[in-house]
Structure formats: structure tokens, C-alpha cells
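Visitor: I'll drop the sequence and a predicted model, then ask my questions.
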Amino acid sequence: MNSIRTIFIGYERDFLDPNSDASKRFDRMASAEFSASVIVLSGGQKQTVRSSAHGRIYAFSGSATVRLWKAFFATLSEIKCARQAGESVILSAQDPFVAGMIAFKLSRWANVPYEIQEHGDHFAGFWERESFMKHILARLAPFVFRRADRIRVVSDRVKDRIVRRFGVEESNVYVKQVDQDVSWHLEQTSHAWAEIPMIVVPCRFESQKGLDVFLDAACQLKARGLVFHARLIGSGSLEGELRSQIVSRKLEDCVMIVPWASQEELWSTSDLFVLSSNYEGWGRTIVEAMASRVAIVTTDVGCVGSFFRPQIDGRVVPVGNSKALADAIAEQLREKDRREWMVVQAYERAKRFASLQVEQARMQQDVWKSMIGSRGLGGVGGWAAWKWTAVLLLGAVGLRALSVILFSASLGVNREWGFYTLVQSWFLGHGYTFANELGCASAYRSPGFLFFLTATYLLFGFGNFLAQAIIQNIVAVILVYLIYRLAWRVSNDRRVGWIAGAVTALHPYTFYHYTQYYHTVFSATFLAGLLLMLLRLERTKKLHDAAWTGVLIASLAYVQGTILPLMPFLSLWLLWRWHWAWGKAIAAVSVMAIVSMAIIAPWTIRNWRVFHRFIPLTTDMGFALYKANSENIYGLTKLGFPQEVVGIEVVNPKNPLEVKYEMYPEAELALREQGIFRSSSRFWTEWHPREPVARGELSCSQLSSLSEPDVSAHWSGIAKEWLRDNYLWEGVKLQGLKLVSFWSPWLQPARKYGASWSFGNEGLVATLARNALVIYGWFLLVFGAIGTWVCVRQRRFGFVLPFFIVFAGYSLLHTFFAGYTKYRIPLDGLVAILAAIAVVAVWDALMKKRPNV
């Protein structure tokens, strides 16, 4: 293996001083096999490049923005030099915040791995509450952590916290203690305990150090009559406040503040070391006190529990508990035998520190070696994989922009009058209604698309179809990205994501359809987002992910309610994936249900107030059910006609609130030619309540004699009656035909009415469009089937099982309703993922490459 150059990105100015401890650590670490460079981000110094035997150290002048800019390009230059010298490169950032984000950006730009060093314990709960800026930085950390190749922490407690909180793989986090030299401390002779014991608290005077708790403990010790001296050694922003507290607590006779002292001065006169911190990553002074044979009292932070053994090497107390701290100090002051036994144990433990560091240095080098080459096109795309993702998204943007240019003009012409009329009525102050007045609100269309149209027209003006087309196509680009992420998640292979995203972007029908007056793009996007979040919930088991899943369930239901009856089955999948952990599953499913119901509830309550009955979402199901399950629908479906061809209204001359229907002449003629026309259909033999749909031209009293729920109940009753009487002879056959047509690669319905292609139904362009869809459809179905088999072979079927729950649910629904192309489009992205899995599997088989299982 080539030598490795590790480029450290951090803030430690001491690297610029050749005689500092930091420089000595640098020299110990660097070698011919493992050279190093340091990028110092901190300000306050001149622009400098200092060279050593095995590396260089860079520092920069200027404002923070200028320094970060210079650091970025200096690191790129260092990477280039290392590669020219035949070295492999690793980036190592000193924290998961600014340095970590720079390392991430450089990693993706220069295609090199990066690790994050978590020297502190920033996520113990105290640090991020210290200031608003720290709270913001804490929100940045998950992004950096989850994309790091490795995370180096200094104690087991920090590792456990990062794994639990951020959901990173435990194998990606390794523990390497702080590199510190305690050889001088170990060589010092012990001194006798002073007549008045000296307690030392060396630290920065910041809120992290819990010095207010120490002063509380000092007050309690003094009140108990214990005699001691205490020195707060250091400096910091709280020094003035500490001096005031010492005076106000009347501790001037026993507690004093002194500036930083040398190691010799600090430890040679110390009897008891106290650490009262709220959090520490490691706690260097604990190890120094152990090696200096000074008794110890510490809060449960840093290396406590990993290197420092509680109640063996010293006394350990809970964070923030001044009484416990006072009790522990009192025990150390009073119990000489126990104290001296602990000092001996701690000293013997400290003598092993140097050998442990040698072992851990070797371990770290092994980790660095494992990082090199850990991501080729198998993991996939290297660290510069984002460039391929960017190409995918830019391609999607280009296609959607072309769609807007070609088809946005037809969006308004071919608008769906139901949605348009409802929104128009809202802008006229009538609410969502088909009437020309206030007082008869409608729920005859899915509310989600209504909300989108209302918001769009509020922002850009009523009837701004260009703005609507642009927004719908932006959502289409988001869909491509979600399919990419979902495919990557289920396959653990970026190539699958790229191919699935590209296949989704190149869908011939959506190229036109997503720029029309339909909600299909929202159905597809929310469905992909829901499944991606469900897979995330399956992995993290966190309730806030369950809450977001609930948000997406409700969002999809507002657009297309098909998802709601599928949620019990998706919940069972979650329970199965969690190995029947009933408690966690019930909690997660409950959160999903509560959140989704809470979001849907306002619309349901609105419907209750309007119709005085329980209508969760829409009232249009009854008429759609009968149109898809009536006497002539089998023949119409077989011949490629849409169900709308039976929708010509004939108004009852005696009662304008009643209608019956006629079939389009060409459809009736086609059925008669096949000898399958049914003249006995109740569509045209009976009078029915008028469908509550108009273009805002009628009053409430003119719309219908029945309310929307009653109209729906009327039609669903007729449909159920027909299914009951004809199911064994015609119903099963009809369901089978609709299932086949739903998954057909051909455009359904074949004979389009209403919102036709903007370039017509005849001619070369229309023929090319249809044939492109057929080829695309066959590709999806064939490779989707192969991809399913690959998932079973690779034991990944559990990941894609939610896809098949969705396939089954949507397929069953559309054996009762029309199985048109536009209703299957939301599923095509999921089939594209299976097809992409097949393509990659075939490619890997040809290249004899092992899959990422």
C-alpha cells in the first residue's frame, strides 16, 4: 500500500510553535509511512506555512470567511501534492461543525475519505444549550457524522452517545484516547498530605466546567467545619463572576483564583484534584492527576468509566450535584487509608497509559488503511459520487424545463374543470363549491391538490398556469431525487439510485403529464417520500421519524386516499422488521396514526359541519365505482375506451335535478359491432340525482336534489347491486381485465378523451409517444420482475416488501375502479427501482463483481 497523508483540519494554534506539546504530538504521529499536514482555521496569526520532517502546517490571516476560503484551496493543493508524490489522502476534521463541514466538502470535491474527531462530548445535553449558535451547530452535526467514513472519539461514552443519537453504524466509530505525554508526571516523587489540604481545580472558567457547583460544594464543606484551601487555576469569560461569587459566599479565606501555572507548580503542591465539569470528551487533567499521585474527585464525564475506574482510581459523583460533590470531597479529606489506596490504584493505571497509546496508535493506522479505497464504484461512485447525482438532477431539471416550454400552454386549455371550478369559487368567496353562491361546500375532489392550486394562485395570481407548471415540474425533480435516495437505501448501491432516478426522469408519459392539470406528480412524490421515511424509521426506531412518517401519510392521503387502507399492512411489516418488538412497534405506529389523523382531522371536521356525517376526505367514490362496474364497462375497457364515454348528461324535462346518461356514439357503435352492447344499462334507463358538479353556473338548489354523500351512496348502491348479481359471471372477468390493463405497458385508455396530448392523437409525434411508452413499459415490467428475483436471491426482499404492499393495494383498488396509466404512474418509480437493481445485477454478473449485500 502507498504511504498515507492525513490532512488534519482544526483550530489548534500551538501547531505553529515547534516547541509546543501539539507540535511534539505531531512529530510523534508523522512518519514516512504516515505523513501529515495540518490546516489551522483559527485567526490571530500571520499567514504561515511551517514544514517539518514529514508534513506541513498551514495558518491563514484575514476574516473568518477569508480564512475558510484560503484553507479550502490550501487543502486542495496539499491533496494534489500528496497524489503527485504517490500518497493516498485522508482528511481528519477536529470537530463535526465548521471543520467537519469543510472536510465533507473537500471529500466530495477531491474524492477522498474523511473522518471526524469528536474530542469533546458536545451532545451530552449541556453544550448545545449554552448558546443559540451552539444549538445551530448541533443541528449541523448529524449531516457531517452520517457521511463520515470514520468517527474517532476519545471515550466509550461519547461513542455510545453518537451511535444512539445519530444512528451511525457502530463499526464506523472507533475509540482512541487523547494523545498526551504523562511521563514527566510519573517520574515525580509523591509528597506528604499538607496540614491544610490543597484542592486544585485547573480549568478554563466557562460554564462547561461547572464551577458554580464546586463553589456550592465548598460552601457546604465550610459549613461542616472542614478546613481546606482551594485554588481555581486558569482564566476565562466567567472569571469576574467567579470572583464575585467567592466574595458573596464568604469563601475568600479558603478559595482563591490564580492564573495558569506550570505542570510542576500545579501538581507538586496539590493534594486533591477536583473536576466538576458538566461534560468532557476525555479530561486530560484526570490522567495527569492519576500520574502525579494526587487524589481525585470527578463528575461522571470524559474518560470516567473507560480509562478512569469509578471508586477505584478516585471518587465519582453525578454531574450537577453539589451535595454529592461535597460528600465525595469530604470522604477524600477524612478517609486517609481509602484515599491512599485509590491514589496507588490510579498511579498503577496511569503507568499503563503509554503502552495503551502505542496500541491505539497502531489501531488508528489500521483504521486509516481501511479507509483508503473503501468506496470505489461499489460503495458507490467514490467520495465524488455527488457529481453523478448532480448530473442526474441537472438532467432532470433540463427535461422538466423542456416540458414546461412544450406543454405549459396546454395546461390551462386542458384544465380539469372540477378542480378549477372549486378553486375559482374559493377566490370568488364562495368556498370550495360547484355552485355560484356560498352555502353548499363540496368535497368532490381530493383536497390536497385544491390546497396546492389555491396557494399557487394566491402567490402568483389566479389562473397563472405557467407558475403552476413550473412548480409541478420542480416537484417532479424532487421526485427523481427521492427515487434515487430510496433506491440507494434499499440496495446499498448508488448505481441503483442513479439508474432508478434516470429511468423515472425519462418516463415518456410523465414528460407530458406532469405539466398538466393533475395531481399525479404529488401522489408519486409523497409516496416515494413516505416509503423512504418508513425505511428510515425501520432503521432508527425513533419516534420523531414515526411522526414525520405520519406527516407524509396525511400528505399523501390528502392527494390520494389509497394509502390509508394499506397502513395496517405497512405497520405489520415494521413489526416484522423489528423482530416482533411489540412495545416499540405499537409506540411508532401510534405516533404515525395520531400525527396523520391530526393533520387530516381539520378537513374531516369541515366535512362533518357541511354534510353532518363522517367523510374523511372525498365524496366522489360512488359515481366512480358504478362507472367502472356496470353493464358495458368490460367491453369499453377491452376496446380501449375510458369510462367517461358514458358521461353525456340528459336532463329530465320534468325535474332538472335528475339526469340519465348516454354513451358517445362512436363507443356505442364499437360495442354494437362486437355484439356486446348492453341496452339495459341503468345509466340510460333510469333517472338519477344529478352529479353535484357544475362550472359555477348553478345555484345550490339547482345542483342536485341530494347532498354529495347521498349522491355517492346512490351510485355505490347501484354498483354494489350489480357486483352482487353479476360478480361470478362478469365481475371476476372484469376485475382481471382491469388488473391486466392497470399493469399494461400500453397507454390506458388507448382512446383518449378530454385532456388529450397537446400534439393530438394522430400523426407521427403521437405514434412515437405511444410507442416510447410501450417500450418503456416493457422495460419496467421485465426488468422489474428480474429485480424482484435479485432481491430474493440477495436476501433484500424484506427491504422492498413495502413496495409490493403498495403494488397489491393499488392493484386491488383499480380492479374496482379504472386502471388508467395516470393512476399507475406513482408506482412506476418503485418499479424503476426494481428494474435498476436488475440492470446493476446483470452488469455486475458480466463484470464478475460481487454485489453489495
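Guide: Arrived safely, thanks for sending. Numbering: from 1, shown residues only.
Visitor: Could you check the pLDDT of Arg375?
Guide: Each residue has a pLDDT score; the one for Arg375 is 56.
Visitor: Also Thr48?
Guide: pLDDT recorded at Thr48 is 84.
Visitor: Can you get me a residue count around it?
Guide: Thr48 has 12 neighbours, counted by other C-beta atoms under 10 Å. Glycine gets a C-beta too; all of them are placed from N, C-alpha and C.
Visitor: show me what contacts it?
Guide: Neighbouring residues of Thr48 by C-beta atoms under 8 Å, 6 or more residues apart in numbering: Leu16, Ile57, Tyr58, Ala59.
Visitor: ditto for Ser571
Guide: Ser571 makes contact with Ala585, Val589, Met592, according to C-beta under 8 Å, 6+ apart.
Visitor: gap between the helix or strand containing it and the chain center?
Guide: Assessed by DSSP states H and E, Ser571 sits inside helix 567-577. Offset of helix 567-577 from its chain centre (C-alpha atoms, centre = their mean, to the nearest Å): 20 Å.
Visitor: repeat for stretch 201-210
Guide: Mean-position distance between stretch 201-210 and its chain equals 36 Å (C-alpha atoms, centre = their mean).
Visitor: That stretch: which residues count as buried?
Guide: Val201, Pro202, Cys203, Phe205, Glu206, Ser207, Gln208, Lys209, Gly210 (16 or more other C-beta atoms under 10 Å).
Visitor: just stretch 837-849 next, same as before
Guide: Across stretch 837-849, burial judged by 16+ other C-beta under 10 Å covers Ile837, Ala838, Val839, Val840, Ala841, Asp844.
Visitor: In the protein, where is pLDDT below threshold?
Guide: 1, 32, 44, 373-382, 753-761, 849-853 (pLDDT under 70).
Visitor: Just to check, Asn2 is in contact with Ser88?
Guide: Yes. Between Asn2 and Ser88 there is a contact under C-beta atoms under 8 Å: 5.1 Å.
Visitor: neighbour count winner among these two?
Guide: In terms of neighbours (other C-beta under 10 Å), Ser88 is the more surrounded of Asn2 and Ser88; the figures are 19 against 13.
Visitor: on that earlier part again, could I get the CA-only coordinates of the helix holding Ser571 as CSV?
Guide: Below are the C-alpha coordinates for helix 567-577, written out as CSV (Å, rounded to 0.1, in the frame of the first residue of the first chain):
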residue,chain,number,x,y,z
MET,A,567,-51.1,1.4,6.5
PRO,A,568,-52.1,-1.6,8.7
PHE,A,569,-50.1,-3.9,6.4
LEU,A,570,-47.1,-1.5,6.3
SER,A,571,-47.3,-1.4,10.1
LEU,A,572,-47.2,-5.2,10.3
TRP,A,573,-44.1,-5.0,8.0
LEU,A,574,-42.5,-2.7,10.5
LEU,A,575,-43.3,-5.0,13.4
TRP,A,576,-41.8,-8.0,11.5
ARG,A,577,-38.6,-6.0,10.7
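Visitor: domains for the chain, by residue range?
Guide: 4-175, 183-352, 621-739 (automatic domain parsing).
Visitor: Serialize these to JSON lines and add fields for distance to Gly439.
Guide: Below are the domains of the chain laid out as JSON lines (distance: least, C-beta to C-beta, whole Å):
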{"stretch": "domain 4-175", "distance to Gly439": "48"}
{"stretch": "domain 183-352", "distance to Gly439": "62"}
{"stretch": "domain 621-739", "distance to Gly439": "5"}
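Visitor: Ala528: which of those domains is closest?
Guide: The closest of the domains of the chain to Ala528 is domain 4-175. By C-beta to C-beta, the value is 20.2 Å.
Visitor: chain center to that closest one, what's the gap?
Guide: Distance, centroid of domain 4-175 to centroid of chain: 25 Å (C-alpha atoms, centre = their mean).
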